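>>> Have a look at this prediction, sequence included:
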Amino acid sequence: MTRNKKIFLGSLLFLLITGIVAFTIILFCLTVDVRSRLSQRRWQVPSIVYSDSEIIFLGERISREDFIQMLLTRGYRFVSNSPRLPGRFTSTKRQVRVFLRDFSYPDYIFHGFLLTVTFRKGAIETLRKGKKLLDLVALEPMEIARLFGKDREARELLSYHEIPRYFVDAIIITEDKRYFQHKGMDLQSILRALWVDLRHGKVLQGGSTITQQLAKNYFLRPERSLSRKAKEALIALILESLYSKEEILEMYMNEIYMGQQEGTSINGMGEAARYYFGHDVKNLSLAEAALLAGLIRAPNFYSPFLHPDRARKRRDFVLKKMLQANMITREAYEKAVKEPVILPSLPGISRDNLYYVDFLKRQLESFYPAKVLTGRGLRIFTTLRPEFQEAAVQAVRSGLEKIEQRRPSLKRPGKPLQAAMIVLQPKTGKILAMVGGRNYAKTSFNRAVDAHRQPGSLFKPFVYLTALDDVTPATVILDAPDRYIVKGKTWTPRNYDGKYHGKVTVRTALEFSLNAATVNLAARIGLKNIIKTARNIELNSRLEPYPSLALGSFEMTPLELARAYCIFANNGRLPYLLTFRDVVSEDGRTEQKRDISTKTVCSPAKAYLVTSMLEGVVRRGTARNLKRLGIHFPCAGKTGTTSGYRDSWFVGFTNELLAIVWVGFDDNANTHLSGSMGAMILWADFMKRVQSRFQAQPFTRPAGVVSKWISVNVDWPPVTIQPRQYQEVFLQGHVPKMASPVKRRPSHHRGSLIRNLLKGIWKGLQNVFR
């Protein structure tokens, strides 16, 4: 052997050994990297935020049409025949049959069943599960938001055993028909793709197996090059050596990109099944499974939402390949190709919920760091009621539009009239709905939580609550222009109409929101005592002992006021506000739980007396126009207007529901709206929209309250509005001497009322002609 040949062979051997060593090092490093990455958390899964469940019950005042809308909002699909799969419903003139979905609650698993709901005269007549009659049923919570990380990938993880066999077959026949035979690479496919690429001088076709697709999507950048292809092949071989075929397919089905929804990437078959069909993978029909398998090649090109005909043809192509491979029978094939492509009415994630969600995130961030909150697949169960939230949003929008139509000068380009609304359950503290502004897309500033505004007359009930140790609703006080010295300057309270009414009762002063009478009463009982009451109710905003305190001159937030008003509807008990009830980890453990909690801040008797006077606000006082707006159920409320008409307020409540509304401009411009001309209109609109969802009952008189007939000597209001003899409520032990025990009114009382009415009219006419 010549010397040159030896050198050549030695060099060749060196290069070979070097290549083998380099390849071994590369393979080792890749193996370590693959094992390391897959041994950690494989995907960032966004947390899902759910609404509260919706209880429907026997006798509930809800129409068939409204019930169907509730189903459509939750992504249920209408079918012409009896529903056989969860998430479907059918209906007749008086009946709805719906197959309820399975749902995993924090403390139990609900198994869906076929429910038959019969309606009669706008109410639920019967609820049946088969032949069994039910009293109530819960519709599963709605997904109202997802808390994403920076990549905004929506993903619901699957395990292999959850995937129907025909779905696996559909993916195999479409993407990699020799998947269970090869070891990560399919030589036939690679050679075919290579030949096409060489003929055209560039990379046009891939011969990737499912394992290679997983390697590319999970580990590599989406570029077309030979080096990337080589690395993809190596990673595929490593994956096949480390994991079983079933494990690799599970990872593939959790990783694969399946489309786009409003800037959010749909990843994995679990998420795709919910997005395209509104239910779990295990409930997919053969036709639906084939459609999803067909989407893998080009999800947006074959999207059934964008291109239904194209999607159907692609689905039928997959079904035909399955038939040819003897994966399905001829009968199953013919049934599947006849199945129409019916998509759910996708509610999506409404921006209208985002004021609520932003507030929720603030609370959750005290328990979880951002990475956990946006990447660990938490399930967050909230108190939000979708129907109440939608009603609140619509009431705000339509109400502001009506106000602007009536007053065109309030339309200000770039600085629109704004509103906020909060809806609570006063007995539990559950926040049922929250609207923080007119349009979240234009401004995410949450006025319901963060806007500090003067409450105006909304603060007055807390003045009167403080005064109940010294006065009764029948106590006569003076509505007169007294002068007060504030920081060396003279200040005189003025009434809304610029008039003063002389001697009035405490009840009248609150019902008609008389400023002068209220300030005089506040001075009598002590401003520091009023602040003490406010602090006890946890009104924690800045308060100073100035006379204007009684008129709500110190700023507060709508949320702060809404909570404080709960005491009147809840027998003097102040609830802790709830936005979420449970936070459940990805593996089903309850990590956070919030229970209903309240504390007593005043006696039930005192709370009832203030509520009674606030009922008078609605019957006779500043909110009496609620009747014209269609409110005829028992309720109490208070209007509020601030100086210069900067703020229009209304808070109203029944025995089980409370809502507060604010209307104004962000820059404190004059709205020219009193509480009854602005916020009250929105409140009435909302309450009418949800009236079938609550049962308003008269407020119950607690122990410690007595009712007596009284006769008062006052200057105002006229007897046409308030008779001088009437029945009043008092704290036991605080009944004035002028009161007499409750008894049947004498038969001549109606005559005396008429005489008083005629006298009032005659005096009014005399004043007119003087």
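Thanks, I have it. In this text, all values refer to a predicted model and were calculated from it rather than measured experimentally.
>>> Let me know the pLDDT of the spatially most central residue of the chain.
Geometric centre of the chain, nearest residue: residue 384, 4.3 Å, by C-alpha atoms, centre = their mean. The model reports residue 384 with a pLDDT of 97.
>>> Find the residue closest to it in space, skipping its chain neighbours.
Nearest residue to residue 384 in three dimensions, chain neighbours excluded: residue 51, at 4.7 Å (C-beta to C-beta, 6 or more residues apart in numbering). C-beta here means a position set from N, CA and C on the backbone, and glycine is covered the same way.
>>> contacting residues for that neighbour?
Going by C-beta atoms under 8 Å, 6 or more residues apart in numbering, residue 51 touches 141-144, 382, 384-386, 389.
>>> coming back round to it: could you look up the SS state of the residue nearest to the centre of the chain?
coil (DSSP: H, G, I helix; E, B strand; the rest coil).
>>> Backbone dihedrals for it, please?
With angles defined as degrees, to the nearest 10, residue 384 sits at phi -60, psi 140.
>>> can you check residue 721 too?
Per degrees, to the nearest 10, the backbone of residue 721 is at phi -100, psi -50.
>>> likewise the one 5 residues further on?
Its backbone dihedrals place residue 726 at phi -160, psi 170, with angles given as degrees, to the nearest 10.
>>> Please shift the residue numbers so they start at 21 in all later answers.
Shifting the count to begin at 21 puts that one at residue 746.
>>> Helices of the stretch 71-220 of the chain, residue ranges please.
84-93, 185-195, 207-220 (DSSP state H, counting those that start in this stretch).
>>> between the helix or strand hosting residue 238 and helix 185-195, what angle do the directions make?
Element membership of residue 238, judged by DSSP states H and E, is helix 230-239. In terms of direction (axes from the mean of the first three to the mean of the last three C-alpha atoms, to 10 degrees), helix 230-239 departs from helix 185-195 by 90 degrees.
>>> next structured bit after helix 230-239?
Following helix 230-239 toward the C-terminus (DSSP H and E): helix 246-262.
>>> Using PDB, write out the CA atom coordinates for that next one.
Extracted in PDB, the C-alpha atoms of helix 246-262 (Å, rounded to 0.1, in the frame of the first residue of the first chain):
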ATOM      1  CA  LEU A 246     -32.600  20.800   4.700                       C
ATOM      2  CA  SER A 247     -30.800  21.400   8.000                       C
ATOM      3  CA  ARG A 248     -34.100  21.900   9.800                       C
ATOM      4  CA  LYS A 249     -35.400  18.700   8.200                       C
ATOM      5  CA  ALA A 250     -32.300  16.800   9.300                       C
ATOM      6  CA  LYS A 251     -32.700  18.000  12.900                       C
ATOM      7  CA  GLU A 252     -36.500  17.100  12.700                       C
ATOM      8  CA  ALA A 253     -35.600  13.600  11.700                       C
ATOM      9  CA  LEU A 254     -33.100  13.200  14.600                       C
ATOM     10  CA  ILE A 255     -35.600  14.400  17.100                       C
ATOM     11  CA  ALA A 256     -38.200  12.100  15.700                       C
ATOM     12  CA  LEU A 257     -35.900   9.100  16.200                       C
ATOM     13  CA  ILE A 258     -35.200  10.300  19.800                       C
ATOM     14  CA  LEU A 259     -38.900  10.600  20.500                       C
ATOM     15  CA  GLU A 260     -39.600   7.100  19.200                       C
ATOM     16  CA  SER A 261     -36.900   5.700  21.500                       C
ATOM     17  CA  LEU A 262     -38.100   7.500  24.600                       C
END
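>>> buried residues in that helix?
For helix 246-262, the neighbour count (16 or more other C-beta atoms under 10 Å) marks 249, 251-260 as buried.
>>> so it versus helix 230-239, what angle?
110 degrees.
>>> Give me the average confidence score over helix 246-262.
Mean per-residue pLDDT for helix 246-262: 85.
>>> what do you get for stretch 54-62?
Computed over stretch 54-62, the average pLDDT equals 80.
>>> Surely residue 551 is in contact with residue 561?
No - Residue 551 is beyond contact range of residue 561, at 11.0 Å (criterion: C-beta atoms under 8 Å).
>>> Residue 153 contacts residue 145, doesn't it?
No - using C-beta under 8 Å, residue 153 makes no contact with residue 145, being 10.7 Å away.
>>> can I assume residue 757 sits in a helix?
No - Residue 757 is assigned coil when assessed by three-state DSSP, not a helix.
>>> Can you get me a residue count around it?
5 (other C-beta atoms under 10 Å).
>>> Give me the buried stretch members for stretch 313-332, please.
313-316, 319, 322-324, 331-332.
>>> helix/strand/coil for residue 279?
Assignment for residue 279 (three-state DSSP): strand.
>>> where does the residue nearest to it when sequence neighbours are not counted land in three-state SS?
Using C-beta to C-beta, 6+ apart and skipping the chain neighbours, the partner closest in space to residue 279 is residue 319 (4.0 Å). With three-state DSSP as the basis, residue 319 sits in coil.
>>> hang on, the earlier thing: among the contacts of residue 71, who's most crowded?
Counting by other C-beta under 10 Å, top hit in these: residue 404 with 27 neighbours.
>>> What separation do you get for it and residue 440?
16 Å (C-beta to C-beta, to the nearest Å).
>>> residues contacting the residue nearest to residue 279?
277-280, 286.
>>> Now restrict those residues to buried residues only.
Judged by 16+ other C-beta under 10 Å, buried ones among those: 277-279, 286.
>>> Now for residue 508, how many residues are close by?
So residue 508, with other C-beta under 10 Å, has 5 neighbours.
>>> On the pLDDT front, check it for me.
Listed pLDDT for residue 508 reads 90.
>>> what residue ranges in this protein score low on pLDDT?
For the chain, the stretches with pLDDT under 70 are 21, 209-210, 212-214, 216-217, 220-227, 242, 244-245, 365-370, 758-790.
>>> run the last query once more with 50
761-773, 777, 781-790 (pLDDT under 50).
>>> Return the distance of residue 196 relative to residue 108.
From residue 196 to residue 108 the distance is 32 Å (C-beta to C-beta).
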